[in-house]
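In: Let me see the structure of the following:
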Amino acid sequence: MSNTKTKLAWILMGAATLVLRAVLSGHPEIVESYYSRGVFPILRWLIDYLFAWFPVPLIYPFLIGLIYFLVRKVAGWWRRGYPSLWKKGLDGLLGTAAFLGGGIFFFLVLWGFNYGRQPIEEQMGLELEPLSFSELKEEFNHEAEVIKRLRNQIPGATREPISKDMLPENLENKLRSELENWLSQHGFSTVGRVRGLYVYPKGVFLRFSSSGLYFPFTGEGHVDAGLHPLQKPYVMAHELAHGYGFGDEGTCNFLGYLACIQSEDPLIAYVGHLNYWRTLAADYLQYEPEKYREFRESLPLGIQSDLDAINEVLKRYPDIMPRFRYYAYDAYLKSQGIHEGMKNYDRVIMLARAWRMSQRI
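Out: Next comes the predicted model:
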């Protein structure tokens, strides 16, 4: 196949997957049955069987290889002789389109079609409704009581902030096991062994208002090493949830919450409830800022220390172009069928509330 034909083939493959996704956008039951529970588990098994043993995050060699590939291709295009400048420009455009087409194809096939699967609330029989202020306040107060109780159960916990030394050494395995247990109990696939790995330099995600990343091209979840220890388990569980085939951010926040709170380790359970409580607190703060501050000051000193420590760490990594990141990721989520964009992260409140009511907890 000639170079031009190869480029056209990649362009067509990318376009075909976009068309297929558009066709399936109104049929989440088909995506659920044939991709999320059919094709994807096979891909998940292959990725983990081939690469899960690798000792460092595969995103490093992948990006190095990608940069090498691009530099080599651009240099070859620049040196190559063309009959005219017009043909040189056309070949450059074809090469760029082929690269994008290949990226789209692999992104959607390896993982991206999961954005179109059936919402988890439908599969669990939950009815989601926006919380009224009184319901939000009830949820806020309920979680506050839970974190008070759990922190008292953590061995060695004092009024000082929880330290990284208190986290279990096999945190990744513990969280994967907790998440897989919950997924299997509710009929979801747990094929594979998704990795959750720390990435450096510290702040690489935090400076872009993020804390982790699931990378479909390597099938691994990544957690910013700069996070406070009280955020790492929750973020890792969130990224592992992506790895098991869930694209929706609110759903992965919900699954991360469930994976943590069902743990017998009171520290991990505390982390799950604390991170959820912080989400509730951010909303409650908008309604009654003074009462929120009074409530926060009434919390046990150990919890106040934990909250202050988390905020202190986050301040070390101020956002780079926060507005650009917000609108760029908002546009990305909407392009994947997440119509509420960045607000999708807050679906965890509706999901957790509906789940808690269904469990009568």
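
In: what ranges of the stretch 51-200 of the chain fall below the confidence cut-off?
Out: The stretch 51-200 of the chain contains no residues with pLDDT under 70.

In: Which parts of it are strands?
Out: 195-199 (DSSP state E, counting those that start in this stretch).

In: other SSEs contacting the helix ranked longest in the chain?
Out: Ranked by residue count and defined by DSSP state H, the top helix of the chain is helix 85-110. In terms of contacts (3 or more C-beta pairs under 8 Å, 6 or more residues apart in numbering; DSSP states H and E), helix 85-110 is packed against helix 3-24, helix 40-51, helix 59-79. Just so you know, the C-beta spots here come from the backbone N, C-alpha and C atoms, and that holds for glycine as well.

In: do you know which of those helices lies nearest K164?
Out: helix 59-79 (22.5 Å; C-beta to C-beta).

In: what residues does that closest one touch?
Out: Contact partners of helix 59-79, identified using C-beta atoms under 8 Å, 6 or more residues apart in numbering, comprise K88, D91, G92, G95, F99, V199, F215, F217, T218, E220, H222.

In: Buried only: go through these for me.
Out: Buried members of these, counted by 16 or more other C-beta atoms under 10 Å: D91, G95, F99, V199, F215, F217, T218, E220, H222.

In: can you name the farthest residue from the center of the protein?
Out: P83 (48.0 Å; C-alpha atoms, centre = their mean).

In: Can you report phi and psi for that one?
Out: phi -60, psi -30 (degrees, to the nearest 10).

In: Tell me how far it lies from L93.
Out: 16 Å (C-beta to C-beta, to the nearest Å).

In: Next one: the nearest residue to Y214 once chain neighbours are set aside from T251, what distance?
Out: Nearest residue to Y214, sequence neighbours excluded (C-beta to C-beta, 6 or more residues apart in numbering): H242, at 3.5 Å. Taking C-beta to C-beta as the measure, H242 falls 9 Å from T251.

In: okay, those two: which has more neighbours?
Out: Using other C-beta atoms under 10 Å as the criterion, H242 and T251 rank with H242 on top: 27 against 21.

In: what packs against the helix or strand where D308 lies?
Out: According to DSSP states H and E, D308 maps onto helix 301-315. The contact analysis (3+ C-beta pairs under 8 Å, 6+ apart) places helix 301-315 against helix 133-151, helix 266-287, helix 289-298.
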